[in-house]
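Novice: with the input below, show me the fold.
(one chain, ligands or ions: 2)
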Amino acid sequence: MTKIETFSLENLLPYGGETFYFGKILTPTEAEHYFQQLLHSLDWKQDEVIIFGKRIVTKRKTAWYGEKEYEYTYSKITRKAKLWTPELKALKQKVEECTGLPFNSCLVNLYHSGEEGMSWHSDAEAELGKHPAIASLSLGAERKFVLKHRESKEKVSVDLENGSLLLMQGETQRNWLHSLPKTKKVKEPRINLTFRNIKKVKK
Ligand SMILES: O=C(O)CCC(=O)C(=O)O
Ligand SMILES: [Fe+2]
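Specialist: Ligands and ions are numbered 1, 2, ... in the order given. A predicted model of the protein is given here:
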């Protein structure tokens, strides 16, 4: 692992939240190593979501891990976390070092190409508490990430590079939506790890 020097972090959002782009926190070699390891070792599942009453199986795959077998609900599906793998634990530690924040779970996304993305949403699940901090580590293809203010509709976008870290915190989830737009330009896969801190454990 490389030692991180100093970051000059500027809030990407003009108001209503705090989102910081740390840039690359992994070398290309480390990023490639973790990409391959995660691709082959995680328990990937295709999500089933209900859209307008229809059951749809997403192309994007996800995996859900944590320090306990947390239950997590998003897009109306509930899943039980698997326990950290050694690679996920190492990446979690790296992300905690960079952000100075604790994380106990991670939703991992696998986008096979630019044809897969994620539509507008916020990560404001009750389990995450009132002002959730979400740290997003990107591996593989560079993709554009866009935030949109709920009221003003102002947009802010950032290119998430291979091995880079983005942190959303404070009021971001309350006031802004985010998305990963689909693009025909990107042919390569990408893995994204969103580290979260579950506060309330559902009974
Ligand atoms: O892939 C990304 O960069 C975004 C993922 C995301 O927003 C999520 O998992 O909630
Ligand atoms: Fe999200």
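Novice: this structure against ligand 1: which residues are in contact?
Specialist: 107, 109, 118, 123, 136, 145, 160, 178, 180, 192, 194 (C-beta under 6 Å from any ligand atom). Bear in mind the C-beta positions are built from the backbone N, C-alpha and C, glycine included.
Novice: ok, the nearest residue to the fifth one once chain neighbours are set aside - contacts?
Specialist: In this case it means residue 136. Spatial nearest neighbour of residue 136, chain neighbours left out: residue 166 (4.5 Å); criterion: C-beta to C-beta, 6 or more residues apart in numbering. By C-beta atoms under 8 Å, 6 or more residues apart in numbering, the residues touching residue 166 are 19-22, 135-136, 138, 145, 158, 160.
Novice: just checking, what's the longest strand in the chain?
Specialist: As assigned by DSSP state E, the longest strand anywhere in the chain is strand 54-66.
Novice: what's the local residue count around the residue in the chain that ligand 1 sits nearest to?
Specialist: Per C-beta to the nearest ligand atom, residue 192 is where the chain lies closest to ligand 1, at 3.4 Å. Residue 192 has 22 neighbours, counted by other C-beta atoms under 10 Å.
Novice: from residue 141, how far off is it?
Specialist: 10 Å (C-beta to C-beta, to the nearest Å).
Novice: list the residues that contact both of these two?
Specialist: With C-beta under 8 Å, 6+ apart as the test, residue 192 and residue 141 both reach residue 111.
Novice: low-confidence ranges in this structure?
Specialist: Applying pLDDT under 70 to the chain flags the ranges 1-8, 74-76, 201-203.
Novice: which parts of it are helices?
Specialist: Secondary structure of the chain (DSSP state H): helices located at 28-41, 86-99, 172-175.
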